[in-house]
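Trainee: The sequence and its predicted three-dimensional model are supplied below.
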Amino acid sequence: VYVRGRCVQFSPSIINQILESPDEPYPDIEVSDNKVCQTITASQVKTWPIKKKVPVVKLSQKYAILNRIATANWVPTRHSSDVATGLAKFIYLVGTGTKFNVGNYIFQQTVQHGKSLAVKQPIAFPSILCDIFLSQHPNIRQEGEIAKKIEFALNLHYKLFSEQHVSDIAGPST
């Protein structure tokens, strides 16, 4: 991949190396949209909605929090009131502890984004991509640009812990 006229090596292995994640070939995840939907909503929603998105208010506490983390850090979106299939599957994999090749997942998402004709689509995994660029070409920045982590607190609204979301987070035992 060329970034500002410089060749940047970009592959699932390089992504895994940056993330210090094992670069192992895991089998493809065969899970239906309905199974994902049932899991992330604690069976409140049995089948994937016709409108292609699950309302955030239907997510269990665990998946509502994972969704909030994902939309703030991994897969930025302007749609905070619902969850699309791609993001739902990602938080399902993370939430269930399913072993998968994270580098391959991020690589495929980035390639898919590159093929998209969408004009205002936010770039997925922006911090990871920036880390890859800067690790290979530390001087790729232009004058006036600085590399820094986004510094904002991840706010978890009190409604995430209300009865509106199914409680699926185990509290401390006594």
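Mentor: Perfect, I can see it now. Residues are numbered from 1 along each chain as shown.
Trainee: What strands line up against the least confident helix or strand in the chain by mean pLDDT, and which way round?
Mentor: Using mean pLDDT, DSSP states H and E, the weakest-scoring helix or strand in the chain turns out to be strand 2-3, at a mean of 84. Partners of strand 2-3 in the sheet, by DSSP bridges, are strand 6-7 (antiparallel).
Trainee: and the helix or strand containing residue 68, C-alpha only, in CSV?
Mentor: Taking DSSP states H and E as the criterion, residue 68 maps to helix 61-69. Extracted in CSV, the C-alpha atoms of helix 61-69 (Å, rounded to 0.1, in the frame of the first residue of the first chain):
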residue,chain,number,x,y,z
GLN,A,61,-25.2,-4.9,29.4
LYS,A,62,-22.0,-6.7,28.3
TYR,A,63,-22.6,-6.2,24.6
ALA,A,64,-23.9,-2.6,25.1
ILE,A,65,-20.5,-1.8,26.7
LEU,A,66,-18.6,-3.7,24.1
ASN,A,67,-20.5,-1.8,21.4
ARG,A,68,-19.7,1.5,23.1
ILE,A,69,-16.0,0.6,23.2
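Trainee: tell me the mean pLDDT over the strand or helix carrying residue 39?
Mentor: Per DSSP H and E: residue 39 is located in helix 33-40. For helix 33-40, mean pLDDT is 93.
Trainee: who does it touch, helix- and strand-wise?
Mentor: Under the contact criterion of 3 or more C-beta pairs under 8 Å, 6 or more residues apart in numbering; DSSP states H and E, helix 33-40 touches helix 85-96. (Glycine included, C-beta is placed from N, CA and C.)
Trainee: again, only using 10 Å
Mentor: strand 53-55, helix 61-69, strand 82-84, helix 85-96 (3 or more C-beta pairs under 10 Å, 6 or more residues apart in numbering; DSSP states H and E).
Trainee: Would you mind telling me which of the ones you listed is nearest residue 144?
Mentor: Residue 144 sits nearest to helix 61-69 of all those, at 30.7 Å, using C-beta to C-beta.
Trainee: Counting by contacts, list what that closest one packs against.
Mentor: By 3+ C-beta pairs under 10 Å, 6+ apart, helix 61-69 packs against helix 33-40, strand 82-84, helix 85-96.
Trainee: now those as TSV including distance to residue 130 and mean neighbour count?
Mentor: Converted to TSV, those look like this (distance: least, C-beta to C-beta, whole Å; neighbours: other C-beta atoms under 10 Å):
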stretch	distance to residue 130	mean neighbour count
helix 33-40	29	19
strand 82-84	24	20
helix 85-96	20	19
